[in-house]
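Chemist: Quick one, what's the 3D model for this:
(2 chains)
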Amino acid sequence: SQQGEEDPQALSIQEGENATMNCSYKTSINNLQWYRQNSGRGLVHLILIRSNEREKHSGRLRVTLDTSKKSSSLLITASRAADTASYFCALNTGGFKTIFGAGTRLFVKA
Amino acid sequence: EAQVTQNPRYLITVTGKKLTVTCSQNMNHEYMSWYRQDPGLGLRQIYYSMNVEVTDKGDVPEGYKVSRKEKRNFPLILESPSPNQTSLYFCASSSDGTVKEKLFFGSGTQLSVL
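Modeler: Presented below is the predicted three-dimensional model:
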């Protein structure tokens, strides 16, 4: 399968803790993106990291990409209850498709 | 406000009754796509369009049709819906025709086929 595989499938943490989600894939990529989905709503783009980049930051989000290991991680620092959502990695392999993984469900307890 | 608009938000229908889910974007995006989301399977691509009058199959196109007569609209047509098409559907668009940029998503259409 070309899709990314997120790990863990589910994560439960306390407010204020950091949350780390991982995405592994098997094919070459043009870029890798992370999206958030709140309870059956539309996905919202968080960060796009290109294959020649190793790390990107956006507010409390930090994304790393290791193309040699074909893996990426999303770190959410100082999590809040409002961060409770599903998080998806999505791969662009250079064609006309963006391929999504099955997601990580994050629950942040207040 | 820049957005992708899907309608309806919820739809209940019966097997075999043709239906259309509309999708419109106001960002002048070249690329548009339809996904379905099922529990544990993530999002799977149904069809996509790189530009007006240019469409192609995604990973799960069977039972669906699309058209792209105008840049802003990309309707999804189910000619003869079946219960296995019960799912949450999302339309998305991107400024780049080769989708090397981020996707903007609609709010989704929850379809139930009885």
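
Chemist: Now for residue 40, how many residues are close by?
Modeler: If you meant another chain, say so; for now it's chain A. Using other C-beta atoms under 10 Å in any protein chain shown, A:G40 has 11 neighbouring residues. C-betas here are computed from N, CA, C, even on glycine.

Chemist: try chain B instead
Modeler: B:G40 is flanked by 7 other residues according to other C-beta under 10 Å.

Chemist: which SS state does it fall under?
Modeler: Put simply, B:G40 is coil when judged by DSSP: H, G, I helix; E, B strand; the rest coil.

Chemist: What residues does it make contact with?
Modeler: If a contact means C-beta atoms under 8 Å, 6 or more residues apart in numbering or on different chains, then B:G40 has A:A102 as its contacts.

Chemist: Ramachandran coordinates for it?
Modeler: Dihedral pair for B:G40: phi 80, psi -10, per degrees, to the nearest 10.

Chemist: OK, contacts around residue 42?
Modeler: Reading this off chain A. Shown in contact with A:G42 (C-beta under 8 Å, 6+ apart): B:4, B:90, B:105-108.

Chemist: um, chain B though
Modeler: Per C-beta under 8 Å, 6+ apart, neighbours of B:G42: A:3, A:88, A:100-103.

Chemist: Beta-bridge partners for it, please?
Modeler: Beta bridges link B:G42 to B:D38, judged by DSSP bridges.

Chemist: Nothing else from me, thank you.
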